[in-house]
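Asks: attaching a predicted model along with its sequence, questions to come.
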Amino acid sequence: MTVTRCSWANPANPRYLAYHDTEWGVPCHDERTLFEMLNLEGAQAGLSWETILNKRETYRAAFDQWDAEKIAAYGPDKVAQLLLDPGIVRNRLKVAAAITNAQAYLRLRAEGLTLDSFLWAYVGGKPIVNHFQPGQFPAKTELSDRLSKDLAKRGFKFVGSTIIYAYMQGIGMVNDHAPDCFCRTGVQ
């Protein structure tokens, strides 16, 4: 039996297919995953998501399994080590953004908020199910504009509206699976 997937899911990459089939568009409420995905989406800026996904395990190891408290305390020696790691995107601004994001995340937590509660409040706790046809998917929306500005105001980096819309898709705040994709109804 042949299954129909979103056209972007590269059938030659099993990791990418698994991501599409089991993660992309599925509502995520796990704090560490939400923090990881926020940083990985930022790392993707200017690159393909497939490139970042292929480096995901190395990112996890390099960034202490996305432990925000550890990352927030990274100093110059750790930054230098990260910038030499060929398994991640060795961009100084993106590495610095992960540290800044960890610090912003900890401030959010100190306010009594979680990423889960903060993010999902934007959609009333339920995914938005879009009805775009292939080729009509926007790069950003009014909602991603607002969330992007709010995150930036709170000190997060690499959170432009286009990055945040991709993040919202990835963590399931919006369901943008193609109308004929077998995942479309399974994640609503």
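Replies: Noted; the coordinates are in hand. Numbering: from 1, shown residues only.

Asks: now do the strands in this structure.
Replies: Secondary structure of the chain (DSSP state E): strands at 128-129, 174-175.

Asks: so what does the first one touch, helix or strand wise?
Replies: Helices and strands touching strand 128-129, by 3 or more C-beta pairs under 8 Å, 6 or more residues apart in numbering; DSSP states H and E, are strand 174-175. Every C-beta, even on glycine, is put in place using the N, C-alpha and C of the backbone.

Asks: ok so, going back, out of the strands of the chain, nearest to residue 42?
Replies: Closest approach to residue 42 among the strands of the chain (C-beta to C-beta): strand 174-175, 18.2 Å.

Asks: is it possible to get a markdown table of the strands of the chain that adds distance to residue 3, mean neighbour count and mean pLDDT?
Replies: Formatted as a markdown table, these follow (distance: least, C-beta to C-beta, whole Å; neighbours: other C-beta atoms under 10 Å; pLDDT from 0 to 100):
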| stretch | distance to residue 3 | mean neighbour count | mean pLDDT |
| --- | --- | --- | --- |
| strand 128-129 | 20 | 14 | 94 |
| strand 174-175 | 17 | 22 | 94 |
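
Asks: dump these to JSON lines, plus distance to residue 114.
Replies: Listed next are the strands of the chain as JSON lines, based on distance: least, C-beta to C-beta, whole Å:
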{"stretch": "strand 128-129", "distance to residue 114": "20"}
{"stretch": "strand 174-175", "distance to residue 114": "20"}
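
Asks: can you check which of the ones you listed gets nearest to residue 37?
Replies: Evaluated with C-beta to C-beta, the strands of the chain place strand 174-175 nearest to residue 37, the distance being 13.6 Å.

Asks: partners of the closest one in the sheet?
Replies: If you go by DSSP bridges, strand 174-175 pairs up with strand 128-129 (parallel).

Asks: how far is the partner strand from where the chain is centred?
Replies: How far strand 128-129 lies from its chain's middle: 17 Å, per C-alpha atoms, centre = their mean, to the nearest Å.

Asks: residue 180 - nearest residue in space that isn't next to it in sequence?
Replies: Spatial nearest neighbour of residue 180, chain neighbours left out: residue 4 (4.9 Å); criterion: C-beta to C-beta, 6 or more residues apart in numbering.

Asks: how about the one you found, what does it touch?
Replies: For residue 4, the contacting residues are 178, 180, 181, 182, by C-beta atoms under 8 Å, 6 or more residues apart in numbering.

Asks: buried subset of those?
Replies: Neighbour counting by 16 or more other C-beta atoms under 10 Å classes 178, 181 among the contacts of residue 4 as buried.
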